[in-house]
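J.: build the 3D model from these lines:
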Amino acid sequence: MYYLGLDDFLRRALEEDIGTGDITTISCIPENAVSKGAFKAKEPGVICGMDILIRVFALLDPTVVVTPLVSDGTYVEKGTVIAEISGNSRSILSGERVALNLIQRLSGIATRTHEAVRQVAGTKAVIVDTRKTTPGLRTLEKYAVRTGGGRNHRYNLADGVLIKDNHIKAAGGIKQAVEAVRRTAPHTLKIEVETETMEQVDEALAAGADIIMLDNMSIEEMTAAVKRINGRALVEASGNMGERDLREVAETGVDLISIGALTHTVKALDISLKFYE
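T.: Residues are numbered from 1 along each chain as shown. Got it, this is the predicted structure:
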């Protein structure tokens, strides 16, 4: 996994963590010491970020060798060695935290996404993320969602039209907001409208919305809305979906289930680095 700007981001992360020097490592480890160790998953989950693991150490010290033993998207059991590392001991110790922070977080996102996808298996519902990402980490976190089997919602504000409650209030209504967008936005962008009531669903349909978001609706309301829309627009369920029964939501017939908690409420997958004796 690579994107333009990754190296700059990783250099900043290393600079932030190392500062003027890893005083502990410099003080107690000989300059020419060499070590070999293993990155091990301490709990089951989906691994994500192996290329980043390699790149962190390549930027810090090109002589350090990281050998991945699994690929991104692999579900591993507790105790699985996912990579081995060998090289200068100081370099490995100085890069350890940045590497672990990133691979643990991304693997946590991939694992949570994998579980959400598993819950809706057999339905037509697709699990998607949101823009509720960590500033500066959006590209990586959305990659982790894809690695876990989900899909990405719009990447940023220029990536698609999503008319939400405050847009509707400021524009004077759903009809007015959609008409204004059609006069301004590129024709290549789909228009999505957030709705909270059946009346708003009808307004969005009348305005010609391409996607209708059902925000914080009950199962009964979602079922009725899907029936009302009847294929005339894609239907997205949203609003605290990280706390809902996803199977129940999927069985209402919605096309998409967007879950902000995939990226904003993440339990990092427990991964450790241990040197061999």
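
J.: quick one: the strands in this protein, in order.
T.: Using DSSP state E, the strands of the chain run over 34-41, 45-46, 65-68, 75-76, 81-88, 126-128, 161-163, 191-195, 211-215, 234-238, 256-258, 271-275.

J.: just those: most buried one?
T.: Scoring the strands of the chain by mean neighbour count under mean count of other CB atoms under 10 Å gives strand 45-46 as the most buried, with a mean of 26. In short, each C-beta sits where N, CA and C put it, glycine included.

J.: which residues in the stretch 51-200 of the chain form helices?
T.: 89-119, 138-147, 165-171, 174-184, 198-207 (DSSP state H, counting those that start in this stretch).

J.: Serialize these to JSON lines and add fields for distance to K274, mean pLDDT and mean neighbour count.
T.: Formatted as JSON lines, those follow (distance: least, CB to CB, whole Å; pLDDT from 0 to 100; neighbours: other CB atoms under 10 Å):
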{"stretch": "helix 89-119", "distance to K274": "11", "mean pLDDT": "98", "mean neighbour count": "23"}
{"stretch": "helix 138-147", "distance to K274": "24", "mean pLDDT": "97", "mean neighbour count": "22"}
{"stretch": "helix 165-171", "distance to K274": "50", "mean pLDDT": "96", "mean neighbour count": "14"}
{"stretch": "helix 174-184", "distance to K274": "54", "mean pLDDT": "96", "mean neighbour count": "16"}
{"stretch": "helix 198-207", "distance to K274": "55", "mean pLDDT": "97", "mean neighbour count": "18"}
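
J.: let's have these in CSV, adding distance to E16.
T.: Below are the helices of the stretch 51-200 of the chain laid out as CSV (distance: least, CB to CB, whole Å):
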stretch, distance to E16
helix 89-119, 8
helix 138-147, 16
helix 165-171, 35
helix 174-184, 40
helix 198-207, 45
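
J.: which of these sits closest to N32?
T.: N32 lies closest to helix 89-119 among these, at 8.9 Å (CB to CB).

J.: quick one: distance of the closest one to the chain centre.
T.: In terms of CA atoms, centre = their mean, to the nearest Å, the centre of helix 89-119 is set 12 Å apart from its chain centre.

J.: repeat that for stretch 242-257.
T.: Centroid displacement of stretch 242-257 relative to its chain, using CA atoms, centre = their mean, is 19 Å.

J.: and if you look at stretch 75-86?
T.: How far stretch 75-86 lies from its chain's middle: 22 Å, per CA atoms, centre = their mean.

J.: kindly export it (C-alpha atoms) in CSV.
T.: Output in CSV follows, covering the C-alpha atoms of stretch 75-86 (Å, rounded to 0.1, in the frame of the first residue of the first chain):
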residue,chain,number,x,y,z
TYR,A,75,-7.2,-13.1,9.3
VAL,A,76,-4.8,-14.5,11.9
GLU,A,77,-5.2,-16.3,15.2
LYS,A,78,-3.7,-15.3,18.5
GLY,A,79,0.0,-16.1,18.6
THR,A,80,0.6,-15.8,14.8
VAL,A,81,4.0,-14.3,13.8
ILE,A,82,3.1,-11.8,11.1
ALA,A,83,6.7,-10.6,10.3
GLU,A,84,10.3,-11.0,11.3
ILE,A,85,12.9,-8.2,11.6
SER,A,86,16.6,-8.2,11.7
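
J.: neighbouring contacts of that stretch?
T.: Residues outside stretch 75-86 that contact it (CB atoms under 8 Å, 6 or more residues apart in numbering): 34-47, 50, 53, 57, 64-70, 74, 92, 114, 271, 273.

J.: same deal with stretch 198-216?
T.: Counting by CB under 8 Å, 6+ apart, 162-163, 165, 173-175, 178-179, 190-196, 221-222, 224-225, 228-229, 232-240, 254, 256, 258 sit against stretch 198-216.
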